[in-house]
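Participant: no letters, just coordinates:
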């Protein structure tokens, strides 16, 4: 009885519906005639349907959510399908389904409400697509849906808990050989000399570059392509490399993420052992090679967010990396503070990689660049638009 009273309190419009039905019946009884009884019987089915819908077990619906992929790359689309199954065939005029989206996706204006018309069907489906996904972890919590009658007097609502997490890895670009040579040799992070090669292991052939030795020329490939082709050797690593990302708020923060992912992918593809240093959480991923290391670094890049707090103070920075390690500090702009941060990692070899066009530097940035060079650090400018190839690959699972 108490449950019935609570239901009526939440649907006071039903009380009005019953009163209206009673008044129409009394009018037909006392007035008589075709018109009065026609009004009563025309209104009766809608009233009965509203009363039945009031006690309809909406929570008994079984909701199944399917997703085409739980991991993707930034810029890709994700398709989500919802399947509703019920035990009876009571006709439902409509159903409004609302997905409780993560705040970041909701701020971008993704459609979160969809109306469907189940009718007499026991099983019905709907789907929607999240396009151009942003980097990060997106957590979905629940699905809210409700039904109503013809006049909107009765509404039934239910919330189905369905936790779901979609991991969106950062985009990365395939760096051309000249891009790698620019980072490794101009920055000199792997060696103080030119990038060394293990001459006993040939990994492929490439076009001739000025400075290549004559003994490297592959004469068979040269004759086949009518262009001078030289052997490409596996890189001989002589020190660990750690990538560190500038997490200060900036309009170029996402470009810095893309650059960090591109450099990490390129170096791991060459067989180098690299690690990652997080400035915001003090987390250090030890240097290693292989696809598993790539996944660890990319997963950390998924979680990185702009932060004004630097957890790596001067006392923490000293001695946290191996003495022979090189540090690639990827920044969105140059400041004396960031030069001090990198210089605190001495005796580690340091390279500051700026995702900004050198011609667009301010006077302060030019001064900071000169200060870095005077302290023995290398400074390279590697604007994203200068990448040779714009191909992207999906993260290996």
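Facilitator: Now that the structure is in, tell me what you want to look at. These numbers come from a predicted model, not from an experiment.
Participant: where along the stretch 151-300 of the chain do the helices fall?
Facilitator: Here the stretch 151-300 of the chain has its helices, by DSSP state H, counting those that start in this stretch, at 177-181, 187, 219-225, 253-269, 291-303.
Participant: of all these, which one comes closest to residue 131?
Facilitator: Of all these, it is helix 253-269 that lies closest to residue 131, at 17.3 Å by CB to CB. Placement of C-beta: from N, CA and C, glycine included.
Participant: tilt between the closest one and helix 291-303?
Facilitator: For helix 253-269 against helix 291-303, the angle by axes from the mean of the first three to the mean of the last three CA atoms, to 10 degrees is 170 degrees.
Participant: related to what we said a few turns ago, ranking the helices of the stretch 151-300 of the chain by mean pLDDT, which is last?
Facilitator: Lowest mean pLDDT within those: helix 187, a mean of 41.
Participant: just to revisit the earlier point, tell me which of the helices of the stretch 151-300 of the chain sits most buried.
Facilitator: Mean neighbours per residue, mean count of other CB atoms under 10 Å, is largest over the helices of the stretch 151-300 of the chain for helix 253-269, with a mean of 22.
Participant: helices and strands of the protein: which one has the lowest mean pLDDT?
Facilitator: Lowest on mean pLDDT, DSSP states H and E among the helices and strands of the chain sits helix 187, with a mean of 41.
Participant: got phi/psi on residue 304?
Facilitator: phi -70, psi 130 (degrees, to the nearest 10).
Participant: that older thread, closest to residue 118 out of the helices of the stretch 151-300 of the chain?
Facilitator: helix 291-303 (37.8 Å).
Participant: just the strands from the stretch 251-397 of the chain, written as ranges.
Facilitator: Counting by DSSP state E, counting those that start in this stretch, residue ranges of the strands within the stretch 251-397 of the chain are 274-277, 284-288, 326-331, 349-354, 378-381.
Participant: the nearest residue to residue 164 once chain neighbours are set aside sits in which helix or strand?
Facilitator: Spatial nearest neighbour of residue 164, chain neighbours left out: residue 140 (4.1 Å); criterion: CB to CB, 6 or more residues apart in numbering. According to DSSP states H and E, residue 140 maps onto strand 136-148.
Participant: parallel or antiparallel, list what pairs with that strand.
Facilitator: strand 95-99 (antiparallel), strand 155-169 (antiparallel) (DSSP bridges).
Participant: got these as a markdown table, with mean neighbour count columns?
Facilitator: A markdown table is the format used below for the strands paired with strand 136-148 (neighbours: other CB atoms under 10 Å):
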| stretch | mean neighbour count |
| --- | --- |
| strand 95-99 | 19 |
| strand 155-169 | 16 |
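Participant: okay if I get those as a markdown table plus distance to residue 324?
Facilitator: As requested, these are exported to a markdown table (distance: least, CB to CB, whole Å):
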| stretch | distance to residue 324 |
| --- | --- |
| strand 95-99 | 51 |
| strand 155-169 | 30 |
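Participant: identify the residues contacting residue 101.
Facilitator: Taking CB atoms under 8 Å, 6 or more residues apart in numbering, we find residue 101 in contact with 110, 112, 140.
Participant: about what we covered before: tell me, which of the strands of the stretch 251-397 of the chain is the model least confident about?
Facilitator: strand 349-354 (a mean of 78).
Participant: what packs against it?
Facilitator: With contacts taken as 3 or more CB pairs under 8 Å, 6 or more residues apart in numbering; DSSP states H and E, strand 349-354 sits against strand 326-331, helix 336-343, strand 378-381.
Participant: 7 Å - rerun?
Facilitator: strand 326-331, strand 378-381 (3 or more CB pairs under 7 Å, 6 or more residues apart in numbering; DSSP states H and E).
Participant: just name the most buried of these.
Facilitator: By mean neighbour count, with neighbours taken as mean count of other CB under 10 Å, strand 326-331 ranks first of the helices and strands packed on strand 349-354 at a mean of 25.
Participant: that one vs helix 336-343, what angle?
Facilitator: 160 degrees.
Participant: neighbouring strands - and their directions - for strand 326-331?
Facilitator: By DSSP bridges, strand 326-331 pairs with strand 241-245 (parallel), strand 349-354 (parallel).
Participant: distance to residue 382 and mean neighbour count added to those strands, as JSON lines?
Facilitator: What follows is these, written out as JSON lines (distance: least, CB to CB, whole Å; neighbours: other CB atoms under 10 Å):
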{"stretch": "strand 241-245", "distance to residue 382": "13", "mean neighbour count": "24"}
{"stretch": "strand 349-354", "distance to residue 382": "6", "mean neighbour count": "24"}
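Participant: so which strand or helix has residue 121?
Facilitator: If you go by DSSP H and E, residue 121 is not part of any helix or strand.
Participant: which residue, neighbours along the chain excluded, lies closest to it?
Facilitator: residue 89 (7.7 Å).
Participant: cool, residue 102 as well?
Facilitator: Residue 102's closest residue in space is residue 138 (CB to CB, 6+ apart), at 4.6 Å.
Participant: the one you found contacts residue 99, doesn't it?
Facilitator: No. Between residue 138 and residue 99 there is no contact under CB atoms under 7 Å: 11.5 Å.
Participant: what number of residues lie near the nearest residue to residue 381 once chain neighbours are set aside?
Facilitator: Counting by CB to CB, 6+ apart, residue 381 lies nearest to residue 358, which is 4.1 Å off, once chain neighbours are set aside. Residues within reach of residue 358, counting by other CB atoms under 10 Å, total 14.
Participant: so which of the contacts of residue 101 comes closest to residue 246?
Facilitator: Ranked by distance to residue 246 (CB to CB), the contacts of residue 101 are led by residue 110 at 29.8 Å.
Participant: quick one: the closest one from residue 131, how far?
Facilitator: According to CB to CB, to the nearest Å, residue 110 and residue 131 sit 8 Å apart.
Participant: ok, those two, which is more surrounded?
Facilitator: Neighbour count, other CB under 10 Å: between residue 110 and residue 131, residue 110 has more, with 17 against 12.
Participant: list the contacts of that one.
Facilitator: Applying CB atoms under 7 Å, 6 or more residues apart in numbering, we find residue 110 in contact with 101, 130.
Participant: so when I look at it, I'm seeing a helix, right?
Facilitator: No. Assigned with DSSP: H, G, I helix; E, B strand; the rest coil, residue 110 falls outside any helix and is coil.
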